[in-house]
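Enquirer: Predicted model and sequence follow; I will ask about them next.
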Amino acid sequence: MADAPNTNDVLEQAVNWLSAGKKVALATVIGTWGSSPRPVGSQLAVDDAGEFVGSVSGGCIEGSVIGEALASIEDGENRILDFGVTDEQAWEVGLACGGDVKVLVERADDKADLDRLTNQRPVATVTDLASGKRSTVTPTEDSGELSLSAEMLEGVRQTLLDDRSKTLDDGDNKLFVQVFNPPLRCAIIGAVHISQALVPMAQIAGFDVTVIDPRGSFATEARFPDVTMSDEWPDDAMKNFKPDTRTAVVTLTHDPKLDDPALEIALKSGAFYIGCLGSRRTHASRLERLTEAGFGEADFARIHAPIGLDLGATSPAEIAVTILAEMVAVKHGKLES
């Protein structure tokens, strides 16, 4: 089964349709149980001609959802749809077993609102599933039709931090919180063989990847097609890159002149993952240098070294798998950052 477009692609297409004078509806997965094909927050956009982009089930229920979306375009009414995906339907789209999916369908009239969701991130939309009223919440502001308590705003902002859309209970009301975060980023220091394998893997996993290496013979377009590259020295490149809480930093050169400056900037940032290639002996020497640079035990605890989960990997591609697996595990709270 082909990968579904991400939410940003769906919203951008919806904006394009509205700009062209078409009418649009959005369908959003707001709840799942069992082996659901698509996670909560997945979206599908439909125009008034029945063209669509995105996915809410991988193919099991799209036909019914599109029909309901066209009805919403006509009457302007929100719809909440409940589907049971049978094991047979799930098998047809590549899943082991079925589950239940709940989908919110709503007409999308406000192009400026969709533009903001596409461009102003992080932001969450909060929709009252009973009334259809909606507000938007950022880390510092909120606006819209809903009067959200301080406790509810805290819950919405925690959902933003957790990067997982979900439904929250507000007394007798159910509020669906959809998260729109900037893409995850990954800075890879060193255009080495492991990087050549790691870059496409990380891109498939949803990371915007930048490879940093001032050595011209390493960082070439032939070796790293379709990826952002920087030939600046790592200290300058990382200052421009500005790692944040949605950033993973991976150092792979084995050269302290290249790895250490990037590592120092990463440790001063909120990067959620910092991993360094090298043996335990290499890492011990690294910690000595960082100690001389003024870093301490709390900083050292953030560094994953030797990098990657211990899966017995030996080849560059296998090592890349272990690195990405560790990044994902940290992101989802399965390992300490």
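Expert: Cool, the structure landed.

Enquirer: Longest helix of the chain, counting residues only.
Expert: helix 316-331 (DSSP state H).

Enquirer: how close does Glu292 get to Pro256?
Expert: 12 Å (Cβ to Cβ, to the nearest Å). (Glycine included, C-beta is placed from N, CA and C.)

Enquirer: who's more crowded, these two?
Expert: Pro256 (15 against 8; other Cβ atoms under 10 Å).

Enquirer: ok, and what's touching stretch 7-21?
Expert: 5, 24, 26, 41-45, 47, 51, 53-54, 108-109, 111, 114-115, 117-118, 180, 183 (Cβ atoms under 8 Å, 6 or more residues apart in numbering).

Enquirer: Which parts of the protein are helices?
Expert: According to DSSP H, the helices that the chain contains are 7-19, 62-75, 87-92, 111-119, 150-162, 193-204, 234-241, 256-267, 280-292, 297-300, 316-331.

Enquirer: so where's the stretch 201-337 of the chain uncertain?
Expert: 337 (pLDDT under 70).

Enquirer: Minimum distance to Val250: which of the helices of the chain has it?
Expert: helix 316-331 (6.3 Å; Cβ to Cβ).

Enquirer: From the contact counts, what lies against that closest one?
Expert: helix 193-204, strand 247-251, strand 273-276 (3 or more Cβ pairs under 8 Å, 6 or more residues apart in numbering; DSSP states H and E).

Enquirer: Alpha carbons only: can I get the shortest one in CSV?
Expert: Provided in CSV are the C-alpha atoms of strand 273-276 (Å, rounded to 0.1, in the frame of the first residue of the first chain):
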residue,chain,number,x,y,z
TYR,A,273,17.7,13.3,20.5
ILE,A,274,21.5,13.5,20.4
GLY,A,275,23.5,10.5,19.2
CYS,A,276,27.2,10.1,18.6
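
Enquirer: which neighbours does it have in its sheet, and in what orientation?
Expert: Using DSSP bridges, the strands paired with strand 273-276 are strand 247-251 (parallel), strand 303-304 (parallel).

Enquirer: tell me the most buried of those?
Expert: strand 247-251 (a mean of 28; mean count of other Cβ atoms under 10 Å).

Enquirer: and the angle from it to helix 193-204?
Expert: In terms of direction (axes from the mean of the first three to the mean of the last three Cα atoms, to 10 degrees), strand 247-251 departs from helix 193-204 by 170 degrees.

Enquirer: what's the offset of strand 247-251 from the middle of its chain?
Expert: 15 Å (Cα atoms, centre = their mean, to the nearest Å).

Enquirer: what's it in contact with?
Expert: 184-190, 198, 207, 238, 241, 243, 258-259, 262-263, 266, 269-277, 307, 323, 327, 330-331.

Enquirer: of the residues you listed, buried ones?
Expert: When neighbours are counted using 16 or more other Cβ atoms under 10 Å, the contacts of strand 247-251 contain these buried positions: 184-190, 198, 207, 238, 241, 243, 258-259, 262-263, 266, 269, 271-277, 307, 323, 327, 330-331.

Enquirer: List the contacts of the residue lying closest to Cys276 once chain neighbours are set aside.
Expert: Using Cβ to Cβ, 6 or more residues apart in numbering and skipping residues adjacent in sequence, the residue nearest Cys276 is Ala305, 4.3 Å away. Taking Cβ under 8 Å, 6+ apart, we find Ala305 in contact with Gly275, Cys276, Leu277, Gly278, Arg280, His283, Arg286.
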